[in-house]
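> what follows is a predicted protein model with its sequence.
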Amino acid sequence: MPLPKEHFKVFISHATAADGALANWIADALDRLHIRAFVYERYKRGGQNRFEVIKERIKACPYFLVILTTDGIASQWVNQEIGYAVGVGREPIPIIEVDPYTGRCIDSAGFIELHDPIDYYRNDNVGLMASVIYTFYSLLFDERRWHDIIFLSCKCGNEFEGELDFEKAWEIWISDPSKTPFELPWTCVKCKRVVRVSFPDCHLLPQED
């Protein structure tokens, strides 16, 4: 996982050390939804030219997602990636950290100010993932490229796909005032164990024997 036959759809730009775990967490969920995400550190190889690889992937991916925490906004790499993405015609999808004291997005500048952000509260990764997934659901659905399936892996080693029914699950999520994640179950056809995913963040949950 992700499926090797799939092309990358999303380039995730982030401040390497500070926000790497968040970028990988987002990528894991998108990969499971067949929205394969490129995070440089996951695919780097010794000897390659980092910036050339990044430029190639930004051009190849139809979507450019950028994580703008305080570290992301200050990152020279992130700002160069934004400039390059805009230069090759990619509209940034910004995730912008919300200041916990003011309740407002932290200051950003340039091209990012022209794009509505996905708000990021550091104590609410599930809410962030819900917004990210819904954003890509909306984009891909409008383009008739949304696949309403999820890629699953069982502890027996079997990998399979399950029907997601995203709209039904999303209605359950948004109608819950407490916004509590819930489980979606599928049965592994090989060993009959139940494989569960947390919704709306679409991450695989631990399996029982």
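In hand now; what should we look at?

> which stretches of the chain form strands?
Read by DSSP state E, the chain holds these strands, from start to end of the chain: 10-13, 37-38, 63-68, 92-97, 118-120, 149-153, 159-163, 182-187, 194-199, 203-204.

> adding mean pLDDT, write those out as TSV.
TSV is the format used below for the strands of the chain (pLDDT from 0 to 100):
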stretch	mean pLDDT
strand 10-13	98
strand 37-38	96
strand 63-68	96
strand 92-97	95
strand 118-120	94
strand 149-153	95
strand 159-163	95
strand 182-187	97
strand 194-199	97
strand 203-204	96
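
> can you put the ones you listed in CSV and add distance to residue 176?
C-beta coordinates here come from the backbone N, C-alpha and C atoms, glycine included. Formatted as CSV, the entries for these read as follows, by distance: least, Cβ to Cβ, whole Å:
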stretch, distance to residue 176
strand 10-13, 27
strand 37-38, 27
strand 63-68, 26
strand 92-97, 23
strand 118-120, 19
strand 149-153, 20
strand 159-163, 22
strand 182-187, 8
strand 194-199, 11
strand 203-204, 18
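
> in JSON lines, list those along with distance to residue 137 and mean neighbour count.
Formatted as JSON lines, those follow (distance: least, Cβ to Cβ, whole Å; neighbours: other Cβ atoms under 10 Å):
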{"stretch": "strand 10-13", "distance to residue 137": "13", "mean neighbour count": "26"}
{"stretch": "strand 37-38", "distance to residue 137": "15", "mean neighbour count": "24"}
{"stretch": "strand 63-68", "distance to residue 137": "12", "mean neighbour count": "25"}
{"stretch": "strand 92-97", "distance to residue 137": "13", "mean neighbour count": "23"}
{"stretch": "strand 118-120", "distance to residue 137": "13", "mean neighbour count": "20"}
{"stretch": "strand 149-153", "distance to residue 137": "12", "mean neighbour count": "19"}
{"stretch": "strand 159-163", "distance to residue 137": "15", "mean neighbour count": "13"}
{"stretch": "strand 182-187", "distance to residue 137": "15", "mean neighbour count": "14"}
{"stretch": "strand 194-199", "distance to residue 137": "12", "mean neighbour count": "19"}
{"stretch": "strand 203-204", "distance to residue 137": "16", "mean neighbour count": "17"}
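
> for the helix or strand of the chain with the lowest mean pLDDT, which outside residues touch it?
Lowest on mean pLDDT, DSSP states H and E among the helices and strands of the chain sits helix 40-43, with a mean of 88. Contacts to helix 40-43, defined as Cβ atoms under 8 Å, 6 or more residues apart in numbering, come from residues 16, 20, 24, 27, 50, 53, 54, 57.

> before we move on, what about stretch 171-185?
Outside of stretch 171-185, the residues within contact range by Cβ under 8 Å, 6+ apart are 126-127, 130, 164, 169, 194-201, 205.
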